[in-house]
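J.: The amino acid sequence is not available; the structure is as follows:
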């Protein structure tokens, strides 16, 4: 059975908030993606701690909410955290928001939540939009197990070292990446991970949302040629050996098709029939011709 609704929940009306820190998700692109509960929290709380008060002020203005804002970000977290904890001790209701999406995902909110938990202060999670979950939903890759790796290092050597450390993780991998470094990162992934399928998701929930899917090296070549795309990028990469696991079927199908068809026609047929990456099928077919 589900949770029993309280009177205020059942009626859909706002009520006095219980004291505590409210980790509140906000839209990642489309302003309509904020929840009714999040709006109630933002309206009724005592204070909003925002990653960038200018960004949050625009969101509040859209919904006619006037509320005190204070900045809480990487630059001032050490100084501001004790002040917020002090207010929570006295029973304040504070909403923690990031510029977009669910707080604590690649922002300093974790330390604030950790300190509140250590002091026995109440913490409430208000779920909502997340670039990680949205990209996973679009990618068409396994979602039963995934690993969020955040942002990769700016330099190729450090990036490859980090990728090598998670190469054998048996899960779909999710990364945030700068559009300017996208082609380089995809090329490094292709070198470290080998043949894997991936999805480059950008401008999620916005007007020009795009999900480009393919093999890592094909995607790297595309963005090397076309240049950095516009907008924020989330990368989703398949688990290890997902493509390799299907190569046995590809080999058997190619063996039969190549007996009576030209190489390119056989590749097209097998790739379409087995829904396998054409580049990988083509490489297998070339290898077979070379061995013949």
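T.: Happy to help now that I have it. Keep in mind it's a predicted model, so treat the numbers as computed, not measured.
J.: residues in contact with stretch 148-157?
T.: 105-106, 132, 159, 161-163, 166, 173-178, 181, 184-185, 188 (Cβ atoms under 8 Å, 6 or more residues apart in numbering). Glycine gets a C-beta too; all of them are placed from N, C-alpha and C.
J.: Quick check: buried residues in that stretch?
T.: The neighbour-count check on stretch 148-157 (16 or more other Cβ atoms under 10 Å) flags 148-149, 152 as buried.
J.: Relative to residue 23, which of the residues you listed is nearest.
T.: Nearest to residue 23 out of those is residue 148 (Cβ to Cβ; 16.6 Å).
J.: List the strands paired with the strand or helix carrying that closest one, with their directions.
T.: In this assignment (DSSP states H and E), residue 148 forms part of strand 146-151. Note on strand 146-151: by DSSP bridges, its sheet partners are strand 172-177 (parallel).
J.: to the chain's geometric centre, what's the distance from the partner strand?
T.: 6 Å (Cα atoms, centre = their mean, to the nearest Å).
J.: buried sites along the following helix or strand past that strand?
T.: Note on strand 172-177: by DSSP H and E, the next helix or strand toward the C-terminus is helix 182-193. Residues of helix 182-193 classed as buried by neighbour count (16+ other Cβ under 10 Å): 182-190, 192-193.
J.: got CSV for these, with pLDDT and distance to residue 120 too?
T.: Below are those laid out as CSV (pLDDT from 0 to 100; distance: Cβ to Cβ, whole Å):
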residue, pLDDT, distance to residue 120
182, 97, 44
183, 97, 48
184, 97, 46
185, 97, 42
186, 97, 45
187, 96, 49
188, 97, 44
189, 97, 43
190, 94, 48
192, 95, 44
193, 93, 43
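J.: Give the rounded mean pLDDT of stretch 81-100.
T.: For stretch 81-100, mean pLDDT is 97.
J.: Then stretch 229-237?
T.: 95.
J.: for stretch 131-151, same thing?
T.: pLDDT averaged over stretch 131-151 gives 95.
J.: how long is that stretch end to end?
T.: Start-to-end span of stretch 131-151 (Cα to Cα, to the nearest Å) is 13 Å.
J.: rewinding a little: as JSON lines, the buried residues of helix 182-193 with distance to residue 278 would be great.
T.: Shown next, in JSON lines, are the buried residues of helix 182-193 (distance: Cβ to Cβ, whole Å):
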{"residue": "182", "distance to residue 278": "22"}
{"residue": "183", "distance to residue 278": "21"}
{"residue": "184", "distance to residue 278": "24"}
{"residue": "185", "distance to residue 278": "23"}
{"residue": "186", "distance to residue 278": "18"}
{"residue": "187", "distance to residue 278": "20"}
{"residue": "188", "distance to residue 278": "23"}
{"residue": "189", "distance to residue 278": "19"}
{"residue": "190", "distance to residue 278": "16"}
{"residue": "192", "distance to residue 278": "23"}
{"residue": "193", "distance to residue 278": "19"}
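J.: how far is the strand holding residue 148 from where the chain is centred?
T.: That offset, for strand 146-151, works out to 8 Å (Cα atoms, centre = their mean).
J.: can you pull the buried residues of the very next helix or strand once past it?
T.: Counting by DSSP H and E, the next helix or strand C-terminal to strand 146-151 is helix 156-165. By 16+ other Cβ under 10 Å, the buried positions in helix 156-165 come out as 159-160, 162-163.
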